[in-house]
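Visitor: just a sequence and a predicted model for now, questions to come.
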Amino acid sequence: MIKLYNSASNQIEEFKPLEEGKVSMYVCGPTVYNHAHIGNARPIIVFDTLRRLFEAQGYQVKYVSNFTDVDDKIINAAINEGVDETVIANRYIDAYNEVRDKLHTVKLSATPRVTETMDEIIAFIQLLVDKGYAYQAKNGDVYFSVGSVKEYGDLSKQKLDDLMVGARIEENQDKKNPLDFALWKKTTKGIQWDSPWGKGRPGWHTECVVMIDKEFNSQTIDIHGGGKDLKFPHHENEEAQNIAASGKPLAKTWMHNEMLSFDGAKMSKSLGNVQWAKDVIERLGANVVRWFMLSISYRSILNFNEETLAAAQKELIKIETPLKQAHVKAAMQNQELGNEINSDLWNRFINAMNDDLNTPNAYTVIFDGVKMLNQQLRVREINFREVGTLVNTLEKMLGILGIFFDSIEVNEQDRENYEKWNEAKAVKDFETADIYRQALMERGLI
């Protein structure tokens, strides 16, 4: 039984899909005006891991994440470079996809773009206007009336009256309520589309609602996720629009991962602590980044610094080393590792992961398996069936975490060097043993 923390109810609930055996999941994607920073990698990893967990238990998962390729920041970047907005958007979409690929993620079911969904967005806004939930202001913009939806604030557990306190009314005074948000922005700057309200472009909060309906052909999906910073106002506004349009909640389960902390400080350009995901992955490798990101609960703030990264590297070495030794020893002695798994370890791991992605407890199970494997490898007469069972189990568990180690190819020369190395050690001919040991080390076999 999979249990997940529902950000809408603020409690852990049993996951029951809308359609038996299938999972519909949507995670808010990036606004593509620059490279993804390392904080952006956390939802990529968390929700990819969740998808892997579902699929490991037989679910068919449709996982969609969008690209916001219409935004003031994209337009300004294009103006600064003297290029079309699509040049900026495509550049960083490619870069973002490369980060996803390098992080060992499973290919997404779909990655819709705002520019490819414009007809549906305009039709959706018109629906809200027709139903009386949105209005066109004097300045030409179209706003959603938050006061028209009694459920507004339920997702973030805030009351509309409390939100009104201190809310700033914009200088143009066009909005009926200072909390009303733009569905359509009338503009003459940058990329724009024709609409019933004049040339312009959509507001950010409308895009995902429309894409979810289009991609899943449903007003309600199983899981809607993203970073905690999106819960309010972005996801609150999405939920309000969906309720207004269809009378239904946008998702059964809302999931939000916590942010990264940089020694207690938020990442910002002003502090000079921005680190691009591509650079961190290049420096540390995908395995370390994923292991680090999943080292604590996805709902806890994760401290990103050299100390925590070094700890992740050391832990992975402790796991990789015996796995590597097991494969090498089996190959050197022409032994098969089979395909059996240790059901006790596997069930403990799955139970931990099914408990709202309790990765710390899952890590404990992995290290228990590593300890057992080390013990098996230390005996004089290795039981390769038992070794294989542990190796298969560990690799299957790591696979759900998206962690994969390079395979080792052993040839006949390697086997000969390995045999002579052991023979030299047996007769205490350490000088000769060192020669063969060096040859094996150069091949990465020991």
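Guide: Ah, there it is. Residues are numbered from 1 along each chain as shown.
Visitor: show me what contacts His224?
Guide: Applying CB atoms under 8 Å, 6 or more residues apart in numbering, one finds that His224 lies in contact with 25-27, 212, 235, 238, 250-251, 253-255. Every C-beta, even on glycine, is put in place using the N, C-alpha and C of the backbone.
Visitor: among these, which ones are in helices?
Guide: When DSSP state H is applied, the contacts of His224 are split such that 212, 238 fall in helices.
Visitor: of all the contacts of His224, which comes closest to Gln60?
Guide: Sorting those by how near they are to Gln60, with CB to CB, puts Met25 at the top with 11.3 Å.
Visitor: distance of that closest one relative to Gly338?
Guide: Between Met25 and Gly338 the computed distance is 34 Å (CB to CB, to the nearest Å).
Visitor: the two - which one has more neighbours?
Guide: For the pair Met25 and Gly338, the greater number of neighbours falls to Met25 (24 against 15), based on other CB atoms under 10 Å.
Visitor: helices along the stretch 51-200 of the chain, start to end?
Guide: When assigned using DSSP state H, counting those that start in this stretch, the helices of the stretch 51-200 of the chain occupy the ranges 72-81, 85-102, 118-130, 160-164.
Visitor: save the ones you listed as TSV, and put in mean pLDDT too.
Guide: Rendered in TSV, the data for the helices of the stretch 51-200 of the chain read as follows (pLDDT from 0 to 100):
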stretch	mean pLDDT
helix 72-81	95
helix 85-102	98
helix 118-130	98
helix 160-164	80
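Visitor: tell me which of these lies nearest to Ile223.
Guide: When the helices of the stretch 51-200 of the chain are compared for distance to Ile223 using CB to CB, the nearest one is helix 85-102, at 18.4 Å.
Visitor: report the buried residues of that closest one.
Guide: By 16 or more other CB atoms under 10 Å, the buried positions in helix 85-102 come out as 85, 88-89, 91-93, 95-96, 99-100, 102.
Visitor: just checking, what packs against that helix?
Guide: Contacting helix 85-102 under the criterion 3 or more CB pairs under 8 Å, 6 or more residues apart in numbering; DSSP states H and E are the following elements: helix 41-56, helix 72-81, helix 277-284.
Visitor: tell me which of those sits most buried.
Guide: Between those, the one whose residues have the most neighbours on average, counting mean count of other CB atoms under 10 Å, is helix 41-56 (a mean of 22).
Visitor: picking that back up, could the contacts of His224 go into a markdown table alongside distance to Lys329 and pLDDT?
Guide: Written out in a markdown table, the entries for the contacts of His224 read as follows (distance: CB to CB, whole Å; pLDDT from 0 to 100):
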| residue | distance to Lys329 | pLDDT |
| --- | --- | --- |
| Met25 | 41 | 98 |
| Tyr26 | 46 | 98 |
| Val27 | 42 | 98 |
| Ile212 | 51 | 98 |
| His235 | 51 | 98 |
| Glu238 | 54 | 98 |
| Leu250 | 53 | 98 |
| Ala251 | 49 | 98 |
| Thr253 | 45 | 98 |
| Trp254 | 48 | 98 |
| Met255 | 42 | 98 |
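Visitor: which of the contacts of His224 fall in strands?
Guide: 25-27, 251, 253-255 (DSSP state E).
Visitor: looking at the residues you listed, which two lie furthest apart in space?
Guide: When the ones in strands among the contacts of His224 are compared pair by pair using CB to CB, the farthest-apart members prove to be Val27 and Thr253, with a separation of 12.3 Å.
Visitor: of these two, which one has the most company?
Guide: For Val27 versus Thr253, the count of surrounding residues by other CB under 10 Å is larger for Val27: 25 against 21.
Visitor: burial count for Phe15?
Guide: Here the count is done by other CB under 10 Å, and Phe15 has 19 residues near it.
Visitor: could I get the contacting residues of the residue lying closest to it once chain neighbours are set aside?
Guide: Of all residues beyond its chain neighbours, the one nearest Phe15 is Ile2 (4.3 Å), with distances taken as CB to CB, 6 or more residues apart in numbering. For Ile2, the contacting residues are 14-15, 53-54, 57, 354, by CB under 8 Å, 6+ apart.
Visitor: is Lys318 in a helix, a strand, or coil?
Guide: Lys318 carries the three-state label helix when classified by DSSP: H, G, I helix; E, B strand; the rest coil.
Visitor: I figured it hits Gly369, correct?
Guide: No. Between Lys318 and Gly369 there is no contact, the gap being 11.5 Å when judged by CB atoms under 8 Å.
Visitor: which of these two has more neighbours?
Guide: Higher neighbour count among Lys318 and Gly369: Gly369, with 26 against 14, using other CB under 10 Å.
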